[in-house]
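Colleague: Based on what follows, work out the 3D shape:
(2 chains)
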2 protein chains.
Amino acid sequence: MTDTMARQIVLASRPEGAVRPENFRLEEVATPVCPPGGLLLRTLFLSLDPYMRGRMDDRKSYATPVAIGGVMEGESVAEVIGSEHPDHAVGDLVLARTGWRTHAPSDGTGLRKLDPALAPLSTRLGVLGMPGFTAYAGLKVIGRPKPGETVVVAAASGPVGSLVGQLARLAGVRAVGIAGGPDKCRYVIEELGFDAAVDHRDPDMRTRLAEACPDGIDIYFENVGGAVWQTVLPLFNRFARVPVCGLIAQYDGAWHGTPDDLQATMRAVLTRSLTLRGFINYEFDAEHFPSFLDTVAPGVADGSIRYREDVTEGLENAPSAFVGMLTGRNFGKVLVRVAPDAVGAAKS
Amino acid sequence: MTDTMARQIVLASRPEGAVRPENFRLEEVATPVCPPGGLLLRTLFLSLDPYMRGRMDDRKSYATPVAIGGVMEGESVAEVIGSEHPDHAVGDLVLARTGWRTHAPSDGTGLRKLDPALAPLSTRLGVLGMPGFTAYAGLKVIGRPKPGETVVVAAASGPVGSLVGQLARLAGVRAVGIAGGPDKCRYVIEELGFDAAVDHRDPDMRTRLAEACPDGIDIYFENVGGAVWQTVLPLFNRFARVPVCGLIAQYDGAWHGTPDDLQATMRAVLTRSLTLRGFINYEFDAEHFPSFLDTVAPGVADGSIRYREDVTEGLENAPSAFVGMLTGRNFGKVLVRVAPDAVGAAKS
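Modeller: As a prediction, the model looks like this:
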């Protein structure tokens, strides 16, 4: 591939139930030209995130769906390879919503210039990017942890959960992670420093979680939904807070409960004075992003805040990496190295 | 009946499904004596409230259940008829948790002395009491209405809902009430001044509610649960707030949804950044009760804040009045005049 030709992945069909690689199509197209007064970007790292599952369905959400035949949306670290824009020079590195493609034109809107000296570039899509900020803002603004409390988070080895637990520990809070399989559970305790980890594949998960939370749950950081919610529900203390940032277990519509689940949840909300609060990270951007970087970046730089990346090589492999992420086969933040010569993925 | 004999209503059996009058038993007992250092109270008005349904079940809630054979709990306006207590004299009028009985001993804990000049005594159990304060605190602390927004409340002719709507209007908010039947809907609009009312018995309720909320719903004051929640859910705007103070439609366990209801609710919480917050009025007592009385009492006194009472005569009729309330047969705050010579029930 040269820069005369570009590649992109489009939505070929809407998923019926679970996403399959056939829902995507790889296309080779002429490289876009730099628009007048704008920029041409070359994608280095593409971020794959659970929210993208929602964009594949044709139903009301906080964002419009991707059209059939449209390029899949996504955030990336990109290099400016053409510029008629006064704020950006060729060679600049930026955070951009290029989508799943090797090259993208831009009018400059929404670009965030990156300082490669701050941390490895790839971290701006993970621990120092949207997922990390989701953890930070959800915990700080909605969770409001107090020393001695207990926080539970699922997908605890993932980019949101891993930071939720580490920030909770820094706030003097007991951190309990839920993860899939012994390797991830070991990582959550030994590398991330959580107080306890519970394997959601354990048939006795309900008992294990209760044992891991002897004083109940004060904050449950909801990013999975489905069966885990049912397990967490009986353990809530009065005045518990539930930041809701994702429901990955439900996105396929494959999870079904019982006709009394909503009753049980509403009853718990009432009798235990729970707070449930859905949020999208960017609602807190203006007020909290600077303090997030100030808080977390030094820890990433000095190694006291840990993270893990799961890097797939080549844009053509993005669909299978995405399907793997939705089924929990990834281990750490899922990234695609789109430009084969891109450096700057951190080692974990 | 003389003051040598007292009457009380005890829990005869736990309800299976809907409450029936047979779940209660009227007993005649010797009038309690004034305890050393304490007081003897004579109940004037007994308040009947939906939360009492929860006390009849033997399951975990925010309060312990009433024992089989135990006197039903409840709040009342009572007269001090015996006192060895330094703070209370015979003839004082107090707010007390006497329970469903004509006479009750007290050690003085939790009594609130009433000024009969402030407003009719009965209002201290309704618009100026626990239900009114529930409306005030839920709307102010959790609902946080902003001018131009839309609030929806069910049981709109009841003691909580009627004040929610009137306070919302005072805050410049569109108030939409849900009530059962044309009489209550007419009252909600014509007497209480709501902008619109929707009859929950209307087969086209979903359409009617959408028409009544052309700009969506910003605050839903949840006091019923069940089918109404399902109707409200699609209309929520982003960042809508949901104070949850009761779920009367679900207390019997007779309401059942579908296996996907919880998913749909959680999805709405996530995609529309909703806040659900359960609360019990007394958690806000210390901070907000004085401002509540300062705000609402003058309006009650000058007639600008309207309310309605549904008074049943005689303790022996409390069970049927209670059953009627749970099925929506009441019209206004449900009270029982326990002492036949009690005055001070307001006219509506």
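
Colleague: What residues does the stretch 101-250 of chain A have near chain B?
Modeller: Along the stretch 101-250 of chain A, the residues adjacent to chain B under the rule C-beta under 8 Å from any C-beta of the partner chain are A:222, A:225, A:229, A:238, A:244-247, A:250. Where C-beta positions appear, they are placed from N, C-alpha and C, glycine not excepted.

Colleague: Just the buried ones out of the residues you listed, please.
Modeller: Members of these that pass the buried threshold by neighbour count (16 or more other C-beta atoms under 10 Å in any protein chain shown) are listed as A:222, A:225, A:229, A:244-247, A:250.

Colleague: Can you get me the start-to-end distance on stretch A:193-211?
Modeller: The stretch stretch A:193-211 measures 18 Å between its terminal residues, going by C-alpha to C-alpha, to the nearest Å.

Colleague: what distance separates that stretch from the centre of its chain?
Modeller: Centroid separation between stretch A:193-211 and its chain, computed with C-alpha atoms, centre = their mean, to the nearest Å, is 22 Å.

Colleague: in it, what's buried?
Modeller: For stretch A:193-211, the buried set under the neighbour-count rule, 16+ other C-beta under 10 Å, comprises A:194-200, A:202, A:205-206, A:208-210.

Colleague: quick one: secondary structure of residue A:276?
Modeller: Here residue A:276 is strand, with the state taken from DSSP: H, G, I helix; E, B strand; the rest coil.

Colleague: check contacts around the most centrally placed residue in chain A.
Modeller: The residue at the geometric middle of chain A, judged as the C-alpha nearest the mean C-alpha position with C-alpha atoms, centre = their mean, is residue A:131 (4.2 Å). For residue A:131, the set of contacting residues under the criterion of C-beta atoms under 8 Å, 6 or more residues apart in numbering or on different chains consists of A:49, A:125, A:158-160, A:163, A:333.

Colleague: Show me how chain A divides into domains.
Modeller: In terms of domains, chain A is parsed into A:5-122+A:308-337, A:130-282 (source: automatic domain parsing).

Colleague: Single out the most deeply packed of these.
Modeller: Mean neighbour count (mean count of other C-beta atoms under 10 Å in any protein chain shown) peaks for domain A:130-282 among the domains of chain A, with a mean of 21.

Colleague: pLDDT below threshold where in chain A?
Modeller: Flagging of chain A using pLDDT under 70 yields the residue ranges A:1-3, A:60-62, A:344-348.

Colleague: mind running it again at 50?
Modeller: Chain A contains residues with pLDDT under 50 at A:1-2, A:347-348.

Colleague: Look through it and report the residue furthest from the middle.
Modeller: The outermost residue of chain A relative to its centre, with distances by C-alpha atoms, centre = their mean, is residue A:36 at 33.7 Å.

Colleague: got the residue ranges for the helices in the stretch 101-250 of chain A?
Modeller: Assigned helices in the stretch 101-250 of chain A, in chain order: A:130-137, A:159-170, A:182-190, A:205-212, A:227-232 (criterion: DSSP state H, counting those that start in this stretch).

Colleague: Would you convert the ones you listed into JSON lines that also reports distance to residue B:65?
Modeller: Conversion of those to JSON lines gives the following (distance: least, C-beta to C-beta, whole Å):
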{"stretch": "helix A:130-137", "distance to residue B:65": "40"}
{"stretch": "helix A:159-170", "distance to residue B:65": "35"}
{"stretch": "helix A:182-190", "distance to residue B:65": "39"}
{"stretch": "helix A:205-212", "distance to residue B:65": "23"}
{"stretch": "helix A:227-232", "distance to residue B:65": "24"}
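
Colleague: Which residues does residue A:39 form beta bridges with?
Modeller: Residues in a beta bridge with residue A:39, per DSSP bridges, are residue A:83, residue A:106.

Colleague: residues contacting it?
Modeller: Shown here is residue A:39, whose contacts under the criterion C-beta under 8 Å, 6+ apart are A:80, A:82-85, A:88, A:105-108, A:111.

Colleague: next one: residue A:225
Modeller: By C-beta under 8 Å, 6+ apart, the residues touching residue A:225 are A:246-250, A:255, B:263, B:266.

Colleague: so who does the closest residue to it other than its chain neighbours touch?
Modeller: Nearest-residue entry for residue A:225: residue A:247, 3.4 Å, with adjacent residues in sequence omitted and distances by C-beta to C-beta, 6 or more residues apart in numbering or on different chains. For residue A:247, the contacting residues are A:222-226, B:263, B:266-267, B:270, by C-beta under 8 Å, 6+ apart.

Colleague: so does the helix or strand hosting residue A:299 get close to chain B?
Modeller: Element membership of residue A:299 [criterion: DSSP states H and E] is helix A:285-302. No. Judged by C-beta under 8 Å from any C-beta, helix A:285-302 and chain B are separated, with a smallest distance of 13.6 Å.

Colleague: quick revisit: now, which of the contacts of residue A:247 sits nearest residue B:173?
Modeller: Of all the contacts of residue A:247, the one sitting nearest residue B:173 is residue B:270; the distance, using C-beta to C-beta, is 25.4 Å.

Colleague: Return the closest of the buried residues of stretch A:193-211 with respect to chain B.
Modeller: For chain B, the closest of the buried residues of stretch A:193-211 turns out to be residue A:210, at 14.6 Å, with distances computed as C-beta to the nearest C-beta.

Colleague: Grab the nearest non-local neighbour of the closest one.
Modeller: Excluding its sequence neighbours, the residue lying closest to residue A:210 (C-beta to C-beta, 6+ apart) is residue A:235, at 6.2 Å.

Colleague: what about the one you found, distance to chain B?
Modeller: 12 Å (C-beta to the nearest C-beta, to the nearest Å).

Colleague: What of residue A:14?
Modeller: Using C-beta to the nearest C-beta, residue A:14 is found at 17 Å from chain B.

Colleague: Residue A:176 bridge partners, please.
Modeller: residue A:152, residue A:196.

Colleague: Does it touch residue A:150 like I think?
Modeller: Yes. Residue A:176 is in contact with residue A:150 according to C-beta atoms under 8 Å; the separation is 6.5 Å.

Colleague: Now list whatever residues contact both of those two.
Modeller: Taking C-beta under 8 Å, 6+ apart as the contact criterion, the residues that touch both residue A:176 and residue A:150 are A:213, A:217.

Colleague: which residues touch the closest residue to the residue farthest from the centre of chain A other than its chain neighbours?
Modeller: The spatially closest residue to residue A:36, leaving aside those adjacent along the chain, is residue A:84, at 6.3 Å (C-beta to C-beta, 6+ apart). By C-beta under 8 Å, 6+ apart, the contact list for residue A:84 reads A:34-39.

Colleague: What is the helix or strand harbouring residue A:27 packed up against?
Modeller: Element membership for residue A:27, per DSSP H and E: strand A:24-30. Applying 3 or more C-beta pairs under 8 Å, 6 or more residues apart in numbering or on different chains; DSSP states H and E, one finds that strand A:24-30 contacts strand A:5-11, helix A:318-326.

Colleague: Save these as TSV, and put in distance to residue B:259 too.
Modeller: Listed next are the helices and strands packed on strand A:24-30 as TSV, based on distance: least, C-beta to C-beta, whole Å:
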stretch	distance to residue B:259
strand A:5-11	29
helix A:318-326	21
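
Colleague: Identify whichever of the ones you listed lies nearest to chain B.
Modeller: For these, distance to chain B was read as C-beta to the nearest C-beta. The smallest value, 16.2 Å, belongs to helix A:318-326.

Colleague: Which residues does the helix or strand following the closest one contact?
Modeller: The helix or strand immediately downstream of helix A:318-326 is strand A:333-337, counting by DSSP H and E. Counting by C-beta under 8 Å, 6+ apart, strand A:333-337 makes contact with A:44-49, A:122, A:125-127, A:131, A:158-159, A:307-315, A:317-318, A:321-322, A:324-325, A:345, all of which sit outside it.

Colleague: Mind doing that once more with 7 Å?
Modeller: Residues outside strand A:333-337 that contact it (C-beta atoms under 7 Å, 6 or more residues apart in numbering or on different chains): A:45-48, A:122, A:125-126, A:131, A:159, A:307-313, A:315, A:317-318, A:321, A:325, A:345.
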